[in-house]
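Engineer: when you get a sec, could you give me coordinates for this:
(one chain, ligands or ions: 1)
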Amino acid sequence: MPITKAPSLLMKKFLKNEIGNSKRVLDIGCGDGVMALYLISSLNCRVDGVDLDKGKIRRANEKFRKRTVKGLALCRFCDSKNIDEQFKNETFDAVLIIHALHHLADLSSILSKIKYILKVGGKIFIEEYRHNFGEKLDNCPRFSSNKIKSMLNTAGFRYLRDHKIHENFIMITAVKGGIK
Ligand SMILES: C[S@@+](CC[C@H](N)C(=O)[O-])C[C@H]1O[C@@H](n2cnc3c(N)ncnc32)[C@H](O)[C@@H]1O
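Structural biologist: Predicted coordinates for the structure are as follows:
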């Protein structure tokens with residue numbers, strides 16, 4: 001069952017403030033491209049999506065073809081554990097993991113690969129189900145916001161922040177630090 005439909009007004013405002021216009025964004029576990037479509041069509045971002053579900057990838061790319069400027073978005077088949085092979089060092093201004101963290105294995109390795117492909121000052125966005133939400137939907141693990149922040153801190157991200165966008169979801173952002 002899809003949890004993410006069109007982003008809410010609050011989410012749109014949040015993404016506009018936190019990502020901004022014309023940025024380069026990677027959406028990990030992008031599904032059928034709902035979030036990407038908003039970022040492309042309203043914020044003029046360039047979005048790459050990765051997912052493992054070929055049906056969702058096809059649907060995302062169809063949406064992009066019909067509703068956005070050619071070349072601004074591409075969803076491809078790629079396991080999150082291989083993003084450092086698909087994308088170069090310091091490519092992205094923002095990386096999103098929306099309702100997908102609980103599907104991913106070896107999170108510490110994935111977070112360090114995300115740091116590799118993010119620009120210095122680039123942001124990671126993790127939205128996850130709250131502990132008591134969606135338990136009947138799958139058998140995947142649930143994370144508290146403290147657990148997510150602790151993993152990000154260990155991976156070397158800075159400026160960890162908790163945002164209240166939706167009563168059932170945690171939204172955490174963090175920044176790749178460094179001198180440049
Ligand atoms: C609950 S859906 C969320 C989709 C989308 N982010 C949204 O909010 O609508 C989780 C997505 O993560 C994808 N996924 C699961 N494991 C993955 C992996 N290792 N690498 C990339 N994507 C993965 C699934 O195929 C699925 O499309």
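
Engineer: now the longest helix along the chain: mean pLDDT?
Structural biologist: The helix that spans the most residues within the chain, counting by DSSP state H, is helix 54-67. Average pLDDT, helix 54-67: 92.

Engineer: do that helix and the ligand meet?
Structural biologist: Yes: shown here: helix 54-67 in contact with the ligand (C-beta under 6 Å from any ligand atom) through Lys56. In short, each C-beta sits where N, CA and C put it, glycine included.

Engineer: SS state for Lys147?
Structural biologist: Using DSSP: H, G, I helix; E, B strand; the rest coil, the structure places Lys147 in helix.

Engineer: Leu9 and the ligand, how far apart?
Structural biologist: 17 Å (C-beta to the nearest ligand atom, to the nearest Å).

Engineer: report the contact partners of that residue.
Structural biologist: For Leu9, no residue meets the contact criterion (C-beta atoms under 8 Å, 6 or more residues apart in numbering).

Engineer: mind listing what's buried along the longest strand along the chain?
Structural biologist: For the chain, the longest strand by residue count, based on DSSP state E, is strand 118-129. Using 16 or more other C-beta atoms under 10 Å as the test for burial, strand 118-129 gives 118-119, 122-129.

Engineer: return the set of buried residues in the longest helix of the chain.
Structural biologist: Neighbour counts using 16+ other C-beta under 10 Å place 56-57, 60-61, 63-64 of helix 54-67 among the buried residues.

Engineer: please apply the same query to stretch 158-178.
Structural biologist: Quick answer for stretch 158-178 (16+ other C-beta under 10 Å): 160, 163, 166, 169-176.

Engineer: same question, stretch 64-80
Structural biologist: Those would be 64, 68, 73-75, 78, 80, for stretch 64-80 by 16+ other C-beta under 10 Å.

Engineer: take that stretch, keep the C-alpha atoms, and write them as PDB.
Structural biologist: Output in PDB follows, covering the C-alpha atoms of stretch 64-80 (Å, rounded to 0.1, in the frame of the first residue of the first chain):
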ATOM      1  CA  PHE A  64       8.600  12.400 -15.700                       C
ATOM      2  CA  ARG A  65       8.300  12.100 -19.500                       C
ATOM      3  CA  LYS A  66       4.800  13.300 -19.600                       C
ATOM      4  CA  ARG A  67       4.900  16.100 -17.000                       C
ATOM      5  CA  THR A  68       8.400  17.500 -16.800                       C
ATOM      6  CA  VAL A  69      11.100  19.000 -18.900                       C
ATOM      7  CA  LYS A  70      13.200  16.300 -20.600                       C
ATOM      8  CA  GLY A  71      16.400  15.500 -18.800                       C
ATOM      9  CA  LEU A  72      15.400  16.900 -15.400                       C
ATOM     10  CA  ALA A  73      14.700  13.500 -13.900                       C
ATOM     11  CA  LEU A  74      15.600   9.900 -14.300                       C
ATOM     12  CA  CYS A  75      14.800   7.000 -12.100                       C
ATOM     13  CA  ARG A  76      17.000   4.000 -12.500                       C
ATOM     14  CA  PHE A  77      17.400   0.400 -11.100                       C
ATOM     15  CA  CYS A  78      20.100   0.600  -8.500                       C
ATOM     16  CA  ASP A  79      20.500  -0.900  -5.000                       C
ATOM     17  CA  SER A  80      21.200   1.800  -2.500                       C
END
